[in-house]
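Enquirer: Test case, fold it:
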Amino acid sequence: MKNAKHILFTVVGLICVQFANAQTTLTEQQAIDFALKNSPLLNASTLQIKQHKQLQGTSFNLANPDITLESPTGEFMTVGVLQSFEFPTVYLKQGQLAKQQTVLAEKGKTITEAEVKQQVKTAYLSLQFANQILEQLKKQDSIYFRIADAANRQFEAGQIDFVAKTYAATQYGEVHNNLVQAQTDAQIALQQLQLYTGIFDSIATAHFSKALSSFLFTGITTDSATLFNTPFIQYYSQTQMVAKKSLQLERNKALPGFSFGYMNQGLPNTEIPLRLRAGINIPLWFWQYNSSIKAAKTNLLITEQNTLAQQQNLTAKMQQVKGEAIKFQTSLTYYENTGLKQADDLITSSNRMFSAGQSDYITYLRTLSDAYNIQIKYLETLRNFNQSIINLNYLIGQ
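Expert: Numbers count the residues shown, from 1 in each chain. Below is the predicted model of the structure:
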């Protein structure tokens, strides 16, 4: 019976371990797809588009009719109804404005989608980098622990002095402290990606490497055609279109209105045509219309200047990010062609010389630190390069 219970507990324990260690492997694109489905911001943008489409139905907004009950002669009661209308083009322009506002909401959603993608790509990259740094420091921590332990034993045996033993312990302490910080960084990066994707298992990322689209960035220019195709300029250009339609609407509101109705002021036997009423609404107080038209013109000028300002800002950002990408790519080329090989050579040579007794602890550890620092700087440069590609793709809407 005890054996059966032991087996049962063992099986249950294994199942719990499997659930505790549940892990989901995600590519960057899969993470983006999950985030787009779970983004409240993107859902709000979709609802905003829906709202504007619903508001298009209010374009033909007739005033409520006037219904009267009166006694023209004091001998009987008559019923009347009067309906007023704006000039027909007013309803046309209101419909055009509503459609352009819907398009503006759609352009805004495109920007929101680009922002969500950038956030997820950055979170994904941060997790890749944090895990890679963590693995690097785990390896260093293991090596430095053995070195510090060996140095301590040799010190106790009187084979090395206090300075060498203390230096080895200090170097191990620094590496171990960096490892603890890296573990925290990796956990934070994981939580960020989990938050965006809605996946709360442990997430495994693809191999940390140079961005696949990196070879394209050097061909990106800041000419007018490139800028116009970005979601930001398209959004601001659409604000100009909305402002133009608003100006057209204000101008049409200054046109005469009409009214038509049935107002029986005659006797019960009065013919129907004589009971009808028609009128025209003359925009006599013209200054109020002029003020609205002037304000709409000013709003159009504002949107034009905002578009120009956005073009300037976007050009500056693209030039900056592209310059950073080129800088980091140059540094990557150095590390990939020279730096990493030199770091490996330093580690191999220092291990051989230390084992042969040709190098003391201080020289050995300094050489190892220099080599590992090169490897970490390479990872940092790779992270910075990939981040610059993410930022550049965000600016051009990819």
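Enquirer: make it CA atoms for all contacts and neighbour counts henceforth
Expert: Noted.
Enquirer: Strands along the stretch 101-250 of the chain, start to end?
Expert: Taking DSSP state E, counting those that start in this stretch as the criterion, the stretch 101-250 of the chain contains strands spanning 202-204.
Enquirer: where are the low-confidence patches of it?
Expert: Within the stretch 101-250 of the chain, the set of residues satisfying pLDDT under 70 comprises 212-222.
Enquirer: how would you label the residue of the chain most remote from its centre: helix, strand or coil?
Expert: Most distant from the centre of the chain: Glu75, at 74.1 Å, with distances by Cα atoms, centre = their mean. Following DSSP: H, G, I helix; E, B strand; the rest coil, we place Glu75 in the coil state.
Enquirer: Need the pLDDT of it.
Expert: You'll see Glu75 listed with a pLDDT of 70.
Enquirer: Repeat that for Pro268.
Expert: Pro268 is assigned 63 on the pLDDT scale.
Enquirer: which residues touch the closest residue to Ala186 other than its chain neighbours?
Expert: Counting by Cα to Cα, 6 or more residues apart in numbering, Ala186 lies nearest to Ala130, which is 4.8 Å off, once chain neighbours are set aside. Remark: with contacts taken as Cα atoms under 8 Å, 6 or more residues apart in numbering, Ala130 is in contact with 182-183, 185-186, 189.
Enquirer: So which residues of the stretch 251-398 of the chain form strands?
Expert: Counting by DSSP E, counting those that start in this stretch, the stretch 251-398 of the chain forms strands over residues 257-263, 276-281, given from the N-terminal end onward.
Enquirer: Just say which of the ones you listed is most tucked in.
Expert: The densest packing among the strands of the stretch 251-398 of the chain, expressed as mean neighbour count by mean count of other Cα atoms under 10 Å, is seen in strand 257-263 with a mean of 17.
Enquirer: which residues does Ser359 contact?
Expert: Taking Cα under 8 Å, 6+ apart, one finds 350, 353 in contact with Ser359.
Enquirer: Can you give me the distance of it to Leu365?
Expert: Distance, Ser359 to Leu365, using Cα to Cα, to the nearest Å: 10 Å.
Enquirer: And Asp149, by the same measure?
Expert: Applying Cα to Cα, one obtains 13 Å for the distance of Asp149 from Leu365.
Enquirer: Between those two, point out the one with more neighbours.
Expert: Per other Cα atoms under 10 Å, whichever of Asp149 and Leu365 has more neighbours is Leu365, with 23 against 15.
Enquirer: Report pLDDT for the more buried one.
Expert: In the prediction, the pLDDT value recorded for Leu365 is 95.
Enquirer: Same question for Asn281.
Expert: Note for Asn281: predicted pLDDT of 87.
Enquirer: Please verify my assumption that it contacts Ser259.
Expert: Yes - counting by Cα atoms under 8 Å, Asn281 touches Ser259, with 7.5 Å between them.
Enquirer: The residue lying closest to Asn252 once chain neighbours are set aside - how many residues pack around it?
Expert: With Cα to Cα, 6+ apart as the criterion, Asn252 has its nearest non-adjacent residue at 5.5 Å, and that residue is Val90. When neighbours are defined as other Cα under 10 Å, Val90 has 23 of them.
Enquirer: ok, Val90 - contacts?
Expert: Contact analysis of Val90 by Cα under 8 Å, 6+ apart lists 249, 252-253.
Enquirer: Output the residues you listed as JSON lines; include the columns distance to Thr230 and neighbour count.
Expert: Output for those, formatted as JSON lines (distance: Cα to Cα, whole Å; neighbours: other Cα atoms under 10 Å):
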{"residue": "Leu249", "distance to Thr230": "29", "neighbour count": "22"}
{"residue": "Asn252", "distance to Thr230": "33", "neighbour count": "21"}
{"residue": "Lys253", "distance to Thr230": "35", "neighbour count": "21"}
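Enquirer: Can you lay out these as a markdown table showing distance to Thr112?
Expert: Rendered in a markdown table, the data for these read as follows (distance: Cα to Cα, whole Å):
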| residue | distance to Thr112 |
| --- | --- |
| Leu249 | 29 |
| Asn252 | 34 |
| Lys253 | 35 |
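Enquirer: taking those one by one, which sit in helices?
Expert: When the contacts of Val90 are checked against helices (DSSP state H), the matches are 249, 252-253.
Enquirer: out of those, who's nearest Gly95?
Expert: For Gly95, the nearest member of the ones in helices among the contacts of Val90 is Leu249. The distance, counting by Cα to Cα, is 9.7 Å.
Enquirer: Surely the closest one is in contact with Lys93?
Expert: Yes - A contact is recorded between Leu249 and Lys93 when judged using Cα under 8 Å, the distance being 5.3 Å.
Enquirer: Report the contact partners of the residue nearest to Asp66 when sequence neighbours are not counted.
Expert: Ranked by Cα to Cα, 6+ apart and with sequence neighbours excluded, the top spatial neighbour of Asp66 is Leu82, at 5.0 Å. Applying Cα under 8 Å, 6+ apart to Leu82 gives the contacts 65-67, 259-263, 277.
Enquirer: Leu82: what secondary structure?
Expert: Reduced to three states with three-state DSSP, the structure at Leu82 is strand.
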